[in-house]
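K.L.:
Give me a model of this one.
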Amino acid sequence: MKFSVLGCGRWGSFISWYLCSKKGYDVCLYGRESSKAFQLLKNTRKNEYVSLDEKILLTSELEKAVDFADIIIISISAQNLREFVRDLVANYHLKDKKIILCMKGLETPSGKRLTQVCIEEGIDKNNIAVWLGPGHIQDFTNGIPNCMTIDSYNKELTYFLADNLASDLIRFYYGDDIIGNEIGAACKNIMGICAGALDGLGFGAMKGPLMVRGAFEVSKFITAMGGDGYTAYGLTHLGDYETTLFSKYSNNRNFGEKLALGLPFDKLAEGVKTSEAVYKKAQQMGVDMPITEAVYKVLFENADLKAAISSLFNRSVKTEKYSWFLNAKNFPSLLK
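P.N.:
Modelled structure (predicted):
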């Protein structure tokens, strides 16, 4: 099999390394000529995360990258996906090629999942898959294994990709809820920002309750969006909390901590725009998501961080009975 990875940032460069060095596949890595990340790889064949094997074809010509591969992996900013895919569909030959999205987020302001964006722009839904779940590049490249998920609308594609991408470094699971997995993966970045803010304020002990209540509100949102609420407790959401809420490598956690400390942060934190998309969508659907709301108001309405946390404690007392969620007839009441 031949793979082209479109996007040469942190995950794009790692995926290229993984597919070539761990799996032995033919790989082409694409980046924009104007990109600093691409220029670094072009000049040195390495970045702060990986060193690329000489067998990996590195190109800034998108047509060459598309023509090279049977399977195309896209790893770019979630908010740039629609324009990027629109260009791909309009100008390049994608027929019968499989597309894997290795990225997490919801489109702002539509609140749409990233596979929905691809389908709307003309990609066959049966050719799209997502690669999601926990793991940091710095751990993987040091030989520390983890588990991840492949999901799609096409079960044959899910099984094929998971079976052929697995190694002793990444154990893959077959996803069975693409709605829940996409949403859960996106929403964990919101919780990562909140976790970092708690660290910055010296409230790290509250990350335990954050994990429980965060997963619960995301499970409600997944259900409202047509997915299986149980998925919030799987690899792509709760299973990704360690790498997002606790790790020094988490961009979203680091962003939240720097925010609380009043310090700048110059890397991409997808949870920022995702908090806007999720909050607005939840408001439209009548889903109560207090943690997401607090993050959104701090980031987009200049709410005071400590006051936002206090507002969570001033909410009315609730019964902690999660089994109630499993009874579908209770769902309308559970949204409150």
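K.L.:
pull the longest strand from this structure.
P.N.:
Using DSSP state E to assign secondary structure, the strand with the most residues in the chain is strand 146-152.
K.L.:
and the angle from the helix or strand following that strand to strand 146-152?
P.N.:
If you walk from strand 146-152 toward the C-terminus, the next helix or strand you reach (DSSP states H and E) is helix 155-165. Interaxial angle, helix 155-165 versus strand 146-152 (axes from the mean of the first three to the mean of the last three CA atoms, to 10 degrees): 150 degrees.
K.L.:
buried set for the longest strand of the chain?
P.N.:
Of the residues in strand 146-152, Asn146, Met148, Thr149, Ile150, Asp151, Ser152 count as buried by neighbour count, 16 or more other CB atoms under 10 Å. C-betas here are computed from N, CA, C, even on glycine.
K.L.:
My read is that Ile123 contacts Val89, right?
P.N.:
Yes. Taking contacts as CB atoms under 8 Å, Ile123 lies within contact range of Val89: 6.6 Å.
K.L.:
neighbour-wise, which of the two wins?
P.N.:
Under the neighbour definition other CB atoms under 10 Å, Ile123 and Val89 were set side by side, and Ile123 has more, 19 against 13.
K.L.:
Turn the buried residues of strand 146-152 into TSV, columns for distance to Asn80.
P.N.:
Converted to TSV, the buried residues of strand 146-152 look like this (distance: CB to CB, whole Å):
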residue	distance to Asn80
Asn146	27
Met148	23
Thr149	23
Ile150	23
Asp151	22
Ser152	22
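K.L.:
Turn these into a markdown table, columns for distance to Asn251 and pLDDT.
P.N.:
Putting the buried residues of strand 146-152 into a markdown table (distance: CB to CB, whole Å; pLDDT from 0 to 100) gives the following:
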| residue | distance to Asn251 | pLDDT |
| --- | --- | --- |
| Asn146 | 17 | 96 |
| Met148 | 18 | 98 |
| Thr149 | 20 | 98 |
| Ile150 | 23 | 98 |
| Asp151 | 23 | 98 |
| Ser152 | 26 | 98 |
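K.L.:
Let me know the closest of those to Gly175.
P.N.:
Out of those, the one with the shortest distance to Gly175 is Asp151. That distance is 2.6 Å, counting by CB to CB.
K.L.:
if I look at that closest one, how far off is Asp228?
P.N.:
12 Å (CB to CB, to the nearest Å).
K.L.:
can you list residues touching both of the two?
P.N.:
Common contact partners of Asp151 and Asp228 (CB atoms under 8 Å, 6 or more residues apart in numbering): Asp176, Asp177.
K.L.:
Do a quick rundown of the helices in the stretch 101-250 of the chain.
P.N.:
Under the criterion DSSP state H, counting those that start in this stretch, the stretch 101-250 of the chain contains helices at 114-120, 137-140, 155-165, 178-201, 207-224, 241.
K.L.:
Could you export those helices as TSV, including distance to Ala308 and mean pLDDT?
P.N.:
Conversion of those to TSV gives the following (distance: least, CB to CB, whole Å; pLDDT from 0 to 100):
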stretch	distance to Ala308	mean pLDDT
helix 114-120	28	98
helix 137-140	31	93
helix 155-165	39	98
helix 178-201	9	97
helix 207-224	13	95
helix 241	20	92
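K.L.:
In three-state terms, label the closest residue to Ser21 other than its chain neighbours for me.
P.N.:
Nearest non-adjacent residue to Ser21, counting by CB to CB, 6 or more residues apart in numbering: Asp53, 5.6 Å away. Assigned with DSSP: H, G, I helix; E, B strand; the rest coil, Asp53 falls in the coil class.
K.L.:
you'd agree Asp53 is up against Lys22?
P.N.:
No. The pair Asp53 / Lys22 is not scored as a contact, 10.5 Å apart, by CB under 8 Å.
K.L.:
My reading is that Ser4 lies in a strand. Confirm?
P.N.:
Yes. When classified by three-state DSSP, Ser4 is found to be part of a strand.
K.L.:
Go through stretch 11-23 and flag the buried ones.
P.N.:
Using 16+ other CB under 10 Å as the burial criterion, the residues of stretch 11-23 that qualify are Trp11, Gly12, Ser13, Phe14, Ile15, Ser16, Trp17, Tyr18, Leu19, Cys20, Ser21, Lys23.
K.L.:
And for stretch 241-249?
P.N.:
Of the residues in stretch 241-249, those buried (16+ other CB under 10 Å) are Tyr241, Thr243, Thr244, Leu245, Phe246, Ser247, Tyr249.
K.L.:
Put the alpha carbons of it into PDB.
P.N.:
Once side chains and other backbone atoms are set aside, the C-alpha atoms of stretch 241-249 remain, and they are given as PDB (Å, rounded to 0.1, in the frame of the first residue of the first chain):
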ATOM      1  CA  TYR A 241      -7.900  12.000  29.200                       C
ATOM      2  CA  GLU A 242      -4.500  11.000  30.600                       C
ATOM      3  CA  THR A 243      -2.700  12.300  27.500                       C
ATOM      4  CA  THR A 244      -4.900  15.400  27.400                       C
ATOM      5  CA  LEU A 245      -5.600  16.400  31.000                       C
ATOM      6  CA  PHE A 246      -2.300  15.300  32.700                       C
ATOM      7  CA  SER A 247       0.500  15.100  30.200                       C
ATOM      8  CA  LYS A 248       3.200  17.800  29.800                       C
ATOM      9  CA  TYR A 249       2.900  17.200  26.000                       C
END
